[in-house]
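> Structure, please.
(chains A and B)
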Amino acid sequence: MNFLERVYRKAALCRAFEEEVYRRVEAKQITCPVYLSAGQEYIPATIATWCEDKKLWPKIFIQHRGHSTYLCFGGDMVALWRELLGDKRGCAGGMGGSASIQHKGEPDIFGHDGLMGSQIPIAVGYCHATRHPTIVFAGDAAIEEDYALAALGWAATQKLPILFVVEDNGLSILTEKKVRRSWSIVKVTEGFGLLAFATEDSPATLRNKLGYPWPLLLNVTTTRLFWHAGAGRDVPLGKDRHTRVRAELCQWEVLPTASVIESDQKATDQVKASWALALEAAK
Amino acid sequence: MNLRETIRQLTNAHLDAGHIVCGQNLSAVGWVGGTLPERTDMVELPNADVAGSAFAVGMALAGKRPVFIVRYQGFNWLTAWAVVNYAAKSDALWGRPCPMLVRSIAMEGRIGPVAGSSHHSLFYRMPGVRVYAPMTPGEWAGMYREFMMPGASEVFYASEHRGAWGNDTELLNIQHDKNAQISIYAISITRFAAMEAQTRLSREGIRADLLHISQLKPLLVPPPFSAKVLVLDDDYEGGAMSHIALELHRVFGTETHVLGLPNRTAGFADWADVLPPTAEQIVKKVKEILK
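Numbering: from 1, shown residues only, chains lettered A, B, ... in the order given. Predicted structure coming up:
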């Protein structure tokens, strides 16, 4: 299976999962606050696929809206469902909800404490101590945190093997980026002497940027489909990234339509099966 | 061996074992007053206080048991966030222990509104944090041993005081029998003034017990023999000392009082300083209580 097919398969799984979460929230079967990553799935899907090809098993630091990152890197879907249900068998023992998920072992994904962007300096400290390749995901608002900026500076000074991924949808809840700041994170990062690129979330484009030496920052333009929290739509369906990427991949004949349909079906089946498994009582 | 030398020796061993010691300007301020070995393998953090504590937390998450040095306790208003929100909660939330030792250092005397006094109350209220105020070589070594115990998963907060680094004597409790009129529980640097106050009171025929608190949380103290208690501290009265006083009242039914820093902002001039209670002030307070 080629690179784009594998990216698509991961993205389709994330999308099927998030849409199912959305339905379960509307049905009040999931009652904790949820932060859905639909619309942003091509970022972790591309990075995770690239890591697989490179046989790179990075330490991963995320914050809320991290379901897709968790799933793309191979996190256990049943454990994620259980976490959203507050089950002690969940990936964070029922303590993390949607916002503070984690995965131990392989993949090694560290949970988030709820302070926006805190994962950035913590990941830098971790990377400094271990020199293990590390990827930290943040939003365009989290990267504005003062400690996030200082962390970029220290990662540059220490030449750490770390990748900063900014998922930039231009919104902090609903406050636009242009209202919050006049500067570009790419330019600020370059000022620290750290390599940085602004890019789109198209898989082929993003993949080409990942091979640059780390420390590296990628500011990836993306679109959030659902509300900041809970169930509700941010963008009209016509502007949904997943719909558009899928259409483009089929139109350019990068992926056979049959393969896309098969991936979608497999994803839906896997999500439904995992939901059923998650509801099974502990033996 | 005094407290300063004890800390230096244990820090040296900590580094030899492959663990991390980190902080800002470690060598620039006399290797933090002589408590650090003159080695270059400690991690000099950038002067980004807010991010710096999170770097240390990341190191703790990696299992490196960092000793994170905060040169003045007032700086904890910038550094505490990552320690109490991540390191202290990591084991409970994710089953990932994140043990670290925060060496936080106090001093007094014409040093202004931030750098002066102790601020251990900041950490005291949070779960997942053990709070110590070691003033003797034995107390510091004991705390360090606990921090390094296999399975220790909590944050250890050491509220140090520069005034105690030269101390080479273990401080013993002084307890009378049930005829004691008052029990003085002293924390941090106030313990030295309390010893002097206890001697003065004794000369005047007042039977005052003196009980040293080195471990504030979980609280480790002997019970009072008297019905009246005075708690002393180098922090503001609304903080940990009031909670400790309340606990003593709740458990032992004692009448409790506190004497800590006066409730005002410190300035740099002598007249504007905010200082811990002196022996004279402690004696006066005891007499007021016993009236």
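> need the contact list for the residue in the stretch 51-200 of chain A that chain B sits nearest to.
Per CB to the nearest CB, the residue of the stretch 51-200 of chain A with the smallest distance to chain B is A:Gly125, at 2.3 Å. In short, each C-beta sits where N, CA and C put it, glycine included. A:Gly125 sits next to B:Ala54, B:Phe55, B:Ala56, B:Val57, B:Gly58, B:Met59, B:Leu61, B:Ala62 when contact means CB atoms under 8 Å, 6 or more residues apart in numbering or on different chains.
> what sits against the residue sitting nearest the centre point of chain A?
The centre of chain A sits closest to A:Thr69, judged by CA atoms, centre = their mean, with a distance of 3.6 Å. Counting by CB under 8 Å, 6+ apart, A:Thr69 makes contact with A:Ser37, A:Pro44, A:Ala48, A:Ile60, A:Ile62, A:Ile109, A:Phe137.
> and if we set it to 7 Å?
A:Pro44, A:Ile60, A:Ile62, A:Phe137 (CB atoms under 7 Å, 6 or more residues apart in numbering or on different chains).
> what's around the third one, how many residues?
To tie it back to what came earlier, the one meant is A:Ile62. 29 (other CB atoms under 10 Å in any protein chain shown).
> I figured it was touching A:Gln119, is that so?
Yes. Between A:Ile62 and A:Gln119 there is a contact under CB atoms under 7 Å: 6.5 Å.
> who touches both of these two?
A:His112.
> Counting neighbours, what do you get for A:Gln251?
Neighbours of A:Gln251 using other CB under 10 Å come to 10.
> Show the model's pLDDT score for residue 256.
Using chain A here. Per-residue pLDDT puts A:Pro256 at 84.
> think we crossed wires, I meant chain B
97.
> Quick check: what element follows the helix or strand A:Arg246 falls within along the chain?
Mapping A:Arg246 onto the secondary structure by DSSP states H and E places it in helix A:241-251. As assigned by DSSP H and E, the chain's next helix or strand after helix A:241-251 is helix A:257-279.
> So which elements touch that next one?
helix A:3-26, helix A:77-84, helix A:241-251 (3 or more CB pairs under 7 Å, 6 or more residues apart in numbering or on different chains; DSSP states H and E).
> circling back: with the contacts of A:Gly125 in mind, which one is nearest to chain A?
Using CB to the nearest CB, the contacts of A:Gly125 come closest to chain A at B:Gly58, 2.3 Å.
> quick one, what contacts that closest one?
Counting by CB under 7 Å, 6+ apart, B:Gly58 has contacts A:Pro121, A:Ile122, A:Ala123, A:Val124, A:Gly125, A:Tyr126, A:Ala129.
> Ok, B:His14 next?
Counted by CB under 7 Å, 6+ apart, B:His14 has contacts B:Val21, B:Val67.
> so it sits in a helix?
Yes. Secondary structure of B:His14 (DSSP: H, G, I helix; E, B strand; the rest coil): part of a helix.
> Counting neighbours, what do you get for A:Arg233?
Neighbours around A:Arg233, by other CB under 10 Å: 14.
> so what's the residue nearest to it when sequence neighbours are not counted scoring on pLDDT?
Leaving out its chain neighbours, the residue that sits closest to A:Arg233 by CB to CB, 6 or more residues apart in numbering or on different chains is A:Phe226, at 6.1 Å. pLDDT for A:Phe226: 86.
> Give the burial count for A:Phe226, as a bare number.
A:Phe226 has 23 nearby residues by other CB under 10 Å.
> show me where the stretch 51-200 of chain B has strands.
With strands called from DSSP state E, counting those that start in this stretch, the stretch 51-200 of chain B shows them at B:67-70, B:100-106, B:129-132, B:155-161, B:182-187.
> Not counting residues beside it along the chain, what's closest to residue 88?
In the absence of a named chain, this looks at chain A. Of all residues not flanking A:Lys88 in the chain, A:Gly94 sits nearest, at 4.7 Å (CB to CB, 6+ apart).
> that answer is for a different chain, and I need it for chain B
Nearest to B:Ala88 is B:Gly128, by CB to CB, 6+ apart, at 3.2 Å.
> For that neighbour, give its distance to A:Ser37.
29 Å (CB to CB, to the nearest Å).
> quick one: which of those two has more around it?
Set B:Gly128 next to A:Ser37 and count neighbours by other CB under 10 Å: A:Ser37 wins out with 30 against 20.
> That one contacts A:Gln63, correct?
No. Using CB under 7 Å, A:Ser37 is not in contact with A:Gln63, being 10.9 Å away.
> could I get the strands of the stretch 51-200 of chain B as CSV with mean pLDDT and mean neighbour count?
Shown next, in CSV, are those (pLDDT from 0 to 100; neighbours: other CB atoms under 10 Å in any protein chain shown):
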stretch, mean pLDDT, mean neighbour count
strand B:67-70, 98, 26
strand B:100-106, 98, 26
strand B:129-132, 98, 23
strand B:155-161, 98, 27
strand B:182-187, 98, 28
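> what would the ones you listed look like in TSV with distance to A:Gln265?
Output for these, formatted as TSV (distance: least, CB to CB, whole Å):
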stretch	distance to A:Gln265
strand B:67-70	52
strand B:100-106	49
strand B:129-132	51
strand B:155-161	49
strand B:182-187	67
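> Would you map the strands across chain A?
A:59-61, A:108-110, A:134-139, A:162-168, A:171-172, A:175-176, A:195-200, A:216-221 (DSSP state E).
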